[in-house]
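**Student:** Here is a sequence with its predicted model. Questions after.
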Amino acid sequence: MSKGKKSSLQKQWPFYVMIIPGFLYLLINNYGPMLGMFIAFKKVDYGLGIFKSPWVGLENFEYLFKTDAAAIMTRNTILYNVAFIVLGTILGVAVGIMLSELRSKAQTKFFQTVILLPYLLSWVICAYIGYAFLSKESGLLNNLLTSFGLGAVDWYNDPGKWPLILIFVNIWKGIGYTSIIYMSTIIGIDKSLYEAARVDGATKWQEIRMITLPLLKSTVIMLTIMNIGRIFYSDFGLFYQIPLNSGTLYPTTQTIDTYVYRALMQQNQIGMSAAAGFYQSIVGFVLVLTANTIVRKLSPEDAMF
């Protein structure tokens, strides 16, 4: 090794040490489990062990598509994620812009804390908060309805109302994190651009439309591509905890993840669960590549790779 390279390593070794925890986490949490993908092609027998269990090929994948609930859970998973991506992006950008317009540091910190707090709550706590609002007997919403002379609603036995409820809860919980990402991008925009626009007589809306939004495009595209890669995944806590696992709500709350969990708990089929995860990963990978290819053709400078 040359003296120049050796000297560079000696100077930068603290940075390499700082990388180690994150690298180990990535290796153990993201790449380590990939070794177990072959379980998706086996019928796991605890007596024989994973490696000696019989090979069943694609049999574990068949249950995802043969069940009567296959179309419902696939539809729910995709449509909910599309709604989350579209509404989450629009509202995240809007809230991020509003936060960046606050001039007082105290106000900025206060509103950042308020909107970020739900993101830090566990889904179990969110489920209790939801029950406090939606309980038929003592829920806040039903108390308001009855005070206006309207009848109480049995929310946990009315599937038709839950698409809106789940979308609202998802936005409420995640808007703080998303908006802060966009706000951090806005803060990094050169302030001289806005000063020049104001000198030319631009209104606040014109500044946002002609400067802020175009410069946010790369961040929006990057986050959208990442979200598209998880369009066949669903937030298990949202779809399992918030509806309190009510069987009546399955037509509008059943997703691939909750179905696999219930199948695993009832049938104890590890191979089937692994097959679902493998299927979701492959589809997500293909979707990320497809979305990035489209972006690269339309706007090469905004593509991820």
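**Tutor:** Received it, and whenever you're ready, just let me know what you need.

**Student:** in stretch 155-167, what counts as buried?
**Tutor:** Buried residues in stretch 155-167, counted by 16 or more other CB atoms under 10 Å: W155, Y156, D158, P159, W162, I165, L166, I167. Just so you know, the C-beta spots here come from the backbone N, C-alpha and C atoms, and that holds for glycine as well.

**Student:** and if you look at stretch 52-62?
**Tutor:** Counting neighbours by 16+ other CB under 10 Å, the buried set in stretch 52-62 is S53, V56, N60, F61.

**Student:** re earlier: make TSV from the buried residues of stretch 155-167 and add pLDDT and distance to V44 to it.
**Tutor:** Compiled in TSV, those are given as follows (pLDDT from 0 to 100; distance: CB to CB, whole Å):
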residue	pLDDT	distance to V44
W155	92	39
Y156	91	35
D158	90	39
P159	91	34
W162	94	34
I165	94	37
L166	95	33
I167	95	37
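
**Student:** and the two most separated of those residues?
**Tutor:** Of all pairs drawn from the buried residues of stretch 155-167, the widest gap by CB to CB lies between Y156 and I167 and measures 17.2 Å.

**Student:** What about the buried residues of stretch 52-62, which are in strands?
**Tutor:** Assigned to strands by DSSP state E, none of the buried residues of stretch 52-62 qualify.

**Student:** Can you pull the phi/psi pair for K42?
**Tutor:** Torsion angles at K42 (phi, psi; degrees, to the nearest 10) stand at phi -130, psi 160.

**Student:** List the contacts of it.
**Tutor:** I50, S53, P54, W55, V56, N60, G271 (CB atoms under 8 Å, 6 or more residues apart in numbering).

**Student:** do the same with Q280
**Tutor:** Contact analysis of Q280 by CB under 8 Å, 6+ apart lists F232, Y233, I256.

**Student:** Could you look up the next helix or strand downstream of the longest helix belonging to the chain?
**Tutor:** Once the chain is assigned using DSSP state H, the helix that runs over the most residues is helix 70-100. Using DSSP states H and E, the helix or strand that follows helix 70-100 towards the C-terminus is helix 105-120.

**Student:** Tabulate the CA atom coordinates of the helix or strand following that next one in CSV.
**Tutor:** Using DSSP H and E, the helix or strand that follows helix 105-120 in sequence is helix 123-134. Once non-C-alpha atoms are left out, helix 123-134 reads as follows in CSV (Å, rounded to 0.1, in the frame of the first residue of the first chain):
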residue,chain,number,x,y,z
TRP,A,123,-49.7,0.9,16.4
VAL,A,124,-51.0,-0.7,19.6
ILE,A,125,-51.3,2.8,21.2
CYS,A,126,-52.9,4.1,17.9
ALA,A,127,-55.4,1.3,18.1
TYR,A,128,-56.5,2.3,21.6
ILE,A,129,-56.8,5.9,20.4
GLY,A,130,-58.9,4.8,17.5
TYR,A,131,-61.1,2.7,19.8
ALA,A,132,-61.6,5.8,22.0
PHE,A,133,-63.0,7.5,18.9
LEU,A,134,-64.9,4.6,17.2
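
**Student:** Give the buried residues for the helix or strand just after helix 123-134.
**Tutor:** On the C-terminal side of helix 123-134, the nearest following helix or strand under DSSP H and E is helix 140-147. In terms of neighbour count (16+ other CB under 10 Å), helix 140-147 has its buried residues at N142.

**Student:** helices or strands up against helix 140-147?
**Tutor:** Under the contact criterion of 3 or more CB pairs under 8 Å, 6 or more residues apart in numbering; DSSP states H and E, helix 140-147 touches helix 123-134.

**Student:** just how off-centre is the helix it packs on within its chain?
**Tutor:** Taking CA atoms, centre = their mean, to the nearest Å, the mean C-alpha location of helix 123-134 is offset from the chain mean by 19 Å.

**Student:** Over that helix, what's the mean pLDDT, rounded is fine.
**Tutor:** For helix 123-134, the mean per-residue pLDDT is 93.

**Student:** Measure how that helix sits relative to helix 105-120, angle-wise.
**Tutor:** Angle of helix 123-134 versus helix 105-120, following axes from the mean of the first three to the mean of the last three CA atoms, to 10 degrees, is 100 degrees.

**Student:** can you give me the angle helix 123-134 makes with helix 140-147?
**Tutor:** Note on geometry: by the same axes, to 10 degrees, helix 123-134 and helix 140-147 are set 0 degrees apart in direction.

**Student:** what comes up buried for helix 123-134?
**Tutor:** Buried residues in helix 123-134, counting neighbours by 16+ other CB under 10 Å, are found at W123, C126, A127, G130, L134.

**Student:** Looking at the residues you listed, spot the one nearest L145.
**Tutor:** Checking these one by one against L145 (CB to CB), the nearest turns out to be L134, at 11.4 Å.
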